[in-house]
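what follows is a predicted structure for the sequence shown.
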Amino acid sequence: MPAAATPTLQSDAQELEAAADQAIAACGGDAREAVKALLIANEFLEREMEERVSRGYIRGVKHGRFDTYSG
C-alpha cells in the first residue's frame, strides 16, 4: 500500500510548491510579503471560524449527549 501513497505525496508536494509560487508571485516576488499576507489571511480565517463555532463548544461545555463513558 505504501507504493500507492507515494504518487499522492508527490502530487501534494507539487501542488504545495505551485501554491507557494503563486503566493510569492501575487506579492511581486517578495517571499517575506507573501508570508505576511498568508499570516493575515490565516488570522482572518481563524476569526471567521471562531464566529461560526458555538460558544459552548469553545468553552468545552459537555451536555452528555455524546458522553461515551458508561462507568
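All right, it came through fine. Residues are numbered from 1 along each chain as shown.

show me what the longest helix along the chain is packed up against.
Secondary structure of the chain per DSSP state H: the longest helix is helix 2-26. Judged by 3 or more Cβ pairs under 8 Å, 6 or more residues apart in numbering; DSSP states H and E, helix 2-26 is in contact with helix 31-52. Bear in mind the C-beta positions are built from the backbone N, C-alpha and C, glycine included.

between the helix it packs on and helix 2-26, how big is the angle?
In terms of direction (axes from the mean of the first three to the mean of the last three Cα atoms, to 10 degrees), helix 31-52 departs from helix 2-26 by 110 degrees.

give the other helices and strands that helix 31-52 contacts.
Contacts defined by 3+ Cβ pairs under 8 Å, 6+ apart place helix 31-52 against helix 2-26.

show me where pLDDT drops low in the protein?
Applying pLDDT under 70 to the chain flags the ranges 1-7, 55-58, 60-71.

cutoff 90 now
Residues of the chain that meet the criterion pLDDT under 90 lie in 1-10, 48-71.

counting neighbours, what do you get for Ile24?
For Ile24, the neighbour count with other Cβ atoms under 10 Å is 17.

for it, which non-adjacent residue is closest in space?
Computed as Cβ to Cβ, 6 or more residues apart in numbering, the closest residue to Ile24 that is not its neighbour in sequence is Ala34, at 4.6 Å.

just to check, that neighbour is in contact with Gln22?
No: checked against Cβ atoms under 8 Å, the pair Ala34 and Gln22 is beyond contact range at 9.1 Å.
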